[in-house]
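> Let's see this in three dimensions:
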Amino acid sequence: MTTTDSADVRARQRDAERTKRELLEVATTVFAEEGLAGARVDDIAARTSTTKRMIYYYFGGKEQLYAAVLQNAYRGIREAERTIDVADLGPADALRALAEATYDHHVQHSDFIRLVMIENIHRAEVLKKLDTLEELGQPAVDVLEDIMARGRAEGIFRDDLTPFDLHMLISSYCVFQVANQHTFGHLFQRELLEEPTASRARTMLGDLVVRWIMV
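Residues are numbered from 1 along each chain as shown. Here you go, the predicted model:
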């Protein structure tokens, strides 16, 4: 293969990756708005610079595209957790940083919450088919496990809680803020994701998690 041929192959690969990223981004919005049953491949194609045929070429079909969107959404929160530098923080500060960063990600990615809600309505039918389940869940537990181990070694954290316990608390709090922003906000005349309510909720989460685990 000549240098020119290699350059052409790389260019096509970059175009393919760019197209797939665009499709995933648009499909995330469409599936979050319409669900798996309501979303139409024609609509997704119309919102992108590609065609329905290319969607089937890259992903195989609507359900496969939805599965890729779901996997990408979970991978996004896991990647966000991994980017938090907690090594130089004390255990309590590290736990607070992780909780608040998780809150930020959920607020900034409301489509993720909608996708999770849709998947729960369907009893996680598509999620159960993914072969990357450990990759999508385990990193969150691993980060918490490390922080909790350091806190217990210092004698400041309880030893009767698990990483799963903390992850469930953090996730449930964050999901509530986004999933119930319209109903809860309307009932109590608050904009949950606007200031000053949003910052107050963010701080409250850090306080809850840290105070719960402290000896």
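> Backbone dihedrals for the residue most central in space within the chain, please?
Central residue of the chain (CA atoms, centre = their mean): residue 77, 3.4 Å from the mean position. Note on residue 77: its backbone torsions stand at phi -70, psi -40 [degrees, to the nearest 10].
> so what's it up against?
102, 105-106, 109, 112, 140 (CB atoms under 8 Å, 6 or more residues apart in numbering). In this view, the C-beta of every residue, glycine as well, is placed from N, C-alpha and C.
> isn't residue 147 right up against residue 87?
No. Judged on CB atoms under 8 Å, residue 147 makes no contact with residue 87 at a distance of 10.0 Å.
> With neighbour numbers in mind, choose between these two.
Here residue 147 and residue 87 are compared on neighbour count by other CB atoms under 10 Å; more neighbours surround residue 147, at 25 against 8.
> That one should be in a helix, yeah?
Yes. Counting by DSSP: H, G, I helix; E, B strand; the rest coil, residue 147 is located in a helix.
> residue contacts, it?
Contacts for residue 147 (CB under 8 Å, 6+ apart) come out as 86, 91, 94-95, 98.
> neighbours of residue 31, just the number please.
With other CB under 10 Å as criterion, residue 31 counts 24.
> that older thread, next, work out how far apart the residue nearest to the centre of the chain and residue 146 are.
Look at residue 77 and residue 146: by CB to CB, to the nearest Å, they are 18 Å apart.
> Can you tell me what sits against stretch 41-53?
By CB under 8 Å, 6+ apart, stretch 41-53 touches 19, 22-23, 26-27, 29-30, 34, 54-56, 62, 65.
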